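Q: Output the structure for:
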Amino acid sequence: MGFVNSIVTSIAPIFIATSPVTSYADQIYSIHKTRSSAGFSMDIPLIMLVASILKVYYWFGARFSSSLLIQALLMIAVHLLLLQVALTHRPPMNTHTPFSKSDSPRPYNFWQWRPARPYWSFLSYFTLALLVMHVLMSTTSVFIPYTSLLGYVALAIEATLPIPQLLANYRRHGCKGFRFSVIVNWLIGDAFKMWFFFASGSGEGGVPIAFKLCGIFQATCDVGLGLQFYFWGDGLEEAGILEKGVGVSSFHGHPVPETEAFAVPYELEEKLSGIDLPVNQWERSRVN
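A: Now for the predicted structure:
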């Protein structure tokens, strides 16, 4: 057991430090290839950028493991690129996505802006404000408590990372647009992180208890995402919708309800008349 523990604690820092690239490279490529960020929650870059920036400032007070600091710096670089790609390939306004107007918009439309400039302005002002506070606090006796507070806030924010995607998948009852490779890396990363966190000490160069508590919560949410992929796949059709009394026609692959009062518009009826479809199973009525 000690031999396995030493191997994991040796490999885990490397995996943790490089996890931003291995986790999100495929997601970035997928958005760039399909030229659409539909289905991907834009709150993921927001959460990771804010949390990672806070963790960098937290390091100056806690001096935690260097692999976690490298991870935070790489995470900032990767999510800046992910944000840029996602903003470049935003879907139209009439598509129900994280970019679309909702019935209950956030105050000041926070992180739901249509122009790209407010996103970069917010990140710039946020980083600059933390830098000013860091300089002012660095020579005072409250510097360590202040950086500790930043650390707890950062880790609490990062722990909520899977929640926006969990909710987005739940609303659509599908995971299309969110890469399977991301959740696989998250789950593997959780396993390495948990082992590394609890096998390392909590002092300088170790892993503070805040990392461990938030890591447990995030791992639980990631398991929930994995279950969504398992049960729903990309959408309802793969989750057994056919067993609930809904047929799927071969006409452009759209689901067609098999109800007794399904109305077929006149124009569509004319087009369907020359196609070999089981339309005789429907009670058709012309819609004026």
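
Q: For residue 240, give me the pLDDT.
A: According to the prediction, residue 240 has pLDDT 46.

Q: Make residue 1 into 71 and carry on from there
A: With the count now opening at 71, the last piece we talked about shows up as residue 310.

Q: what are the phi and psi values for residue 304?
A: Backbone geometry at residue 304, expressed as degrees, to the nearest 10, gives phi -80, psi -10.

Q: check contacts around it.
A: 244, 245, 246 (Cβ atoms under 8 Å, 6 or more residues apart in numbering). Glycine gets a C-beta too; all of them are placed from N, C-alpha and C.

Q: now do residue 100
A: Contacts of residue 100 by Cβ under 8 Å, 6+ apart are residue 249.

Q: Could you identify the helix or strand that succeeds the helix or strand that contains it?
A: Using DSSP states H and E, residue 100 sits in helix 72-104. Counting by DSSP H and E, the next helix or strand C-terminal to helix 72-104 is helix 113-132.

Q: Okay, buried residues for that next one please.
A: Buried residues in helix 113-132, counted by 16 or more other Cβ atoms under 10 Å: 113-129, 131-132.

Q: which helices and strands sit right next to it?
A: helix 136-158, helix 187-207, helix 213-229, helix 232-242 (3 or more Cβ pairs under 8 Å, 6 or more residues apart in numbering; DSSP states H and E).

Q: The shortest one packs against which elements?
A: Counting by 3+ Cβ pairs under 8 Å, 6+ apart, the packing neighbours recorded for helix 232-242 are helix 113-132, helix 279-302.

Q: With distance to residue 183 and mean pLDDT as extra columns, can I get those in a markdown table?
A: Shown next, in a markdown table, are these (distance: least, Cβ to Cβ, whole Å; pLDDT from 0 to 100):
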| stretch | distance to residue 183 | mean pLDDT |
| --- | --- | --- |
| helix 113-132 | 12 | 93 |
| helix 279-302 | 27 | 87 |
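
Q: And the ones you listed: which comes nearest residue 230?
A: Among the helices and strands packed on helix 232-242, the nearest to residue 230 by Cβ to Cβ is helix 113-132 (6.2 Å).

Q: Check the gap between residue 286 and residue 280 for me.
A: Going from residue 286 to residue 280 by Cβ to Cβ, to the nearest Å gives 11 Å.

Q: So for those two, which sits in the more crowded spot?
A: residue 280 (20 against 15; other Cβ atoms under 10 Å).

Q: Relative to residue 228, how far out is the more buried one?
A: From residue 280 to residue 228 the distance is 10 Å (Cβ to Cβ).

Q: Check residue 203 too.
A: Taking Cβ to Cβ, one finds residue 203 at 20 Å from residue 228.

Q: Is there a quick ChimeraX command that grabs whichever of the contacts of residue 304 are buried?
A: Listed next is the ChimeraX selection for buried residues among the contacts of residue 304, using 16+ other Cβ under 10 Å:
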select :244,245
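
Q: from the contacts of residue 304, which ones fall inside strands?
A: Among the contacts of residue 304, the subset assigned to strands under DSSP state E is empty.

Q: Now tabulate the contacts of residue 304 in JSON lines and tack on pLDDT and distance to residue 87.
A: Output for the contacts of residue 304, formatted as JSON lines (pLDDT from 0 to 100; distance: Cβ to Cβ, whole Å):
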{"residue": "244", "pLDDT": "87", "distance to residue 87": "33"}
{"residue": "245", "pLDDT": "86", "distance to residue 87": "28"}
{"residue": "246", "pLDDT": "82", "distance to residue 87": "31"}
